[in-house]
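Asks: here is my input, please return the structure:
(one chain, ligands or ions: 1)
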Amino acid sequence: MKLQIEKWERWFLYATTVMLVAFLVAIFASIGEAGIHLPTDEDQVDPNLLEFSAYESNPAPFNELGSRPYTGTEDDIEWEVVLLARAWAFTDGEPVDAERGVPIITVPVDTPVEFVVTSVDTVHGILIAEVAVNAMVIPGQITKVVTEFDEPGEYAIICHEFCGLLHHNMYAIVEVVG
Ligand SMILES: [Cu+2]
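Replies: Here you go, the predicted model:
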């Protein structure tokens, strides 16, 4: 007996197959071309060993916080900003700005900058709305985001994962200088 499949159902089966293949291709392209992968041990740090203020004895790279020329191995990164997050503040290792009460982090314009961030307590986030920085900051996990600022000026870097009572106060300022 011949199996009867209604015309539109047949088309739906074709469409489903095409989509599954397209998704598989997308997964392999993201691994191969874009280098997107699951976190590994390399991207982790023991959050119990991290101190927010007395950071000098933290595991690397969080023993040297701040904004400076990039020292890593990637070719296309020129500047790095290493930060720590906690409820409810970011720190770049420097005293907070006396007037604003938050860190002001200076980076150069038109330069690929890598932000390297982790949390000492709970889940936080980093969002810089004007550029493509939007990532979770998880205790034990090292968050790395690369971006570039085309215009000098001030950019807010805010926590966008609700992290408790004073979540709305949790931000820092990136000052882009040209
Ligand atoms: Cu937060």
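
Asks: now do the same contact list for Trp79.
Replies: By C-beta atoms under 8 Å, 6 or more residues apart in numbering, the residues touching Trp79 are 67-70, 107-108, 111-114. The C-beta positions use only the backbone N, C-alpha and C, and glycine is treated the same way.

Asks: one more time with 6 Å, if that's ok
Replies: Going by C-beta atoms under 6 Å, 6 or more residues apart in numbering, Trp79 touches 70, 107, 111, 113.

Asks: how about the strands in this structure?
Replies: Remark: strands assigned in the chain by DSSP state E are 66-69, 79-86, 89-91, 104-108, 112-119, 124-128, 133-137, 143-148, 153-158, 171-177.

Asks: what does the first one contact?
Replies: Right, strand 66-69. By C-beta under 6 Å, 6+ apart, the list of residues contacting strand 66-69 from outside reads 81, 92-93, 105-107.

Asks: among the strands of the chain, which is nearest Lys2?
Replies: Nearest of the strands of the chain to Lys2, taken as C-beta to C-beta: strand 133-137 at 53.5 Å.

Asks: in terms of secondary structure, what does the closest one contact?
Replies: The contact analysis (3 or more C-beta pairs under 6 Å, 6 or more residues apart in numbering; DSSP states H and E) places strand 133-137 against strand 124-128, strand 143-148.

Asks: tell me which of those sits most buried.
Replies: Most buried of the helices and strands packed on strand 133-137 by mean neighbour count (mean count of other C-beta atoms under 10 Å) is strand 124-128; its value is a mean of 22.

Asks: what does that one rub up against?
Replies: Strand 124-128 is contacted by residues 85, 117, 134-137, 155, 157-161, 163 when judged by C-beta under 6 Å, 6+ apart.

Asks: which one of the residues you listed is nearest to Gly178?
Replies: Tyr155 (13.4 Å).

Asks: so how far is Ala54 from that closest one?
Replies: Plainly put, Tyr155 is 28 Å away from Ala54 if you go by C-beta to C-beta, to the nearest Å.
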